[in-house]
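Asker: Sequence plus predicted model, see below.
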Amino acid sequence: MNLPTTLTVVRIFLVPFLVVLLIATPRYPAVAVAIFLLAVFTDWLDGHLARRRRQVTTLGTLLDPIADKLLIAAALISLVEVDRVQAWIVVLLVGRDIAVTGLRGIAAAQGIVIAASDWGKAKMGAEVVAVTLLILSLRGGALRGWPLQAGTVILWGATAIAVLSGVDYFRKFWRRVDLGG
């Protein structure tokens, strides 16, 4: 297993630690943010190294989006549990990710690649900022108010982007894939 794929696996293994810190011990938001941002950094780094070293593998290509979705979904679901995010938003975001992954899989089975769009990248970026702020809002005192408000607003923005990017993926899918009908 090469270094980029190893980093993807590390990201997957960080997820349970993040969940435990958010749900079982929410008194340590700084540690949870550090783990979350480390996992996000491995996402950037594994892609960068894979392209730079020409180490793009089938395993890495399959695991990377799974690791990304697992990280964001686990963080958001945990934030529902600690009453920082409304469940319907998480259902919409996770549902969109599952639907897009399914569409991309169907397209790939026909030899068609539906690449990640700028909308999808913007959604992921907004989710990372929102989750970071929402985790920080677990801290008491003055640091609770503004991160919660800002994180919530940014997550609403991510949700709007998710809907737009989901529509964009469905549009690309219907134009390019033969459904045999």
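Answerer: Cool, got the structure.
Asker: So what's the gap between stretch 28-46 and the chain middle?
Answerer: The chain centroid and the centroid of stretch 28-46 are separated by 12 Å under C-alpha atoms, centre = their mean, to the nearest Å.
Asker: How about residues contacting the strand or helix carrying Leu70?
Answerer: Here Leu70 sits within helix 58-81, counting by DSSP states H and E. The contact list for helix 58-81, computed with C-beta atoms under 8 Å, 6 or more residues apart in numbering, reads 1-2, 4-5, 8-9, 11-12, 14-15, 18-19, 22-23, 36, 39-40, 43, 46-47, 50, 85-87, 89-90, 93-94, 97-98, 101, 124, 127-128, 131, 134-135. Quick note: C-beta positions are derived from backbone N, CA and C, even for glycine.
Asker: what does stretch 157-174 give?
Answerer: Residues contacting stretch 157-174 (C-beta under 8 Å, 6+ apart): 89, 92-93, 96, 99-100, 103-104, 106-107, 114, 117, 119-120, 122-123, 126-127, 130.
Asker: Could I have the CA atoms of that stretch written out in PDB?
Answerer: Provided in PDB are the C-alpha atoms of stretch 157-174 (Å, rounded to 0.1, in the frame of the first residue of the first chain):
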ATOM      1  CA  GLY A 157     -25.000  27.400   2.900                       C
ATOM      2  CA  ALA A 158     -23.400  24.000   2.500                       C
ATOM      3  CA  THR A 159     -26.900  22.500   2.300                       C
ATOM      4  CA  ALA A 160     -28.000  24.900  -0.400                       C
ATOM      5  CA  ILE A 161     -24.800  24.100  -2.300                       C
ATOM      6  CA  ALA A 162     -25.500  20.400  -1.800                       C
ATOM      7  CA  VAL A 163     -28.900  20.700  -3.400                       C
ATOM      8  CA  LEU A 164     -27.400  22.700  -6.400                       C
ATOM      9  CA  SER A 165     -24.600  20.200  -6.800                       C
ATOM     10  CA  GLY A 166     -26.900  17.300  -6.500                       C
ATOM     11  CA  VAL A 167     -29.100  18.700  -9.300                       C
ATOM     12  CA  ASP A 168     -25.900  19.300 -11.400                       C
ATOM     13  CA  TYR A 169     -24.800  15.600 -10.900                       C
ATOM     14  CA  PHE A 170     -28.300  14.300 -11.800                       C
ATOM     15  CA  ARG A 171     -28.300  16.500 -14.900                       C
ATOM     16  CA  LYS A 172     -24.900  15.300 -16.000                       C
ATOM     17  CA  PHE A 173     -25.900  11.700 -15.300                       C
ATOM     18  CA  TRP A 174     -29.100  11.800 -17.400                       C
END
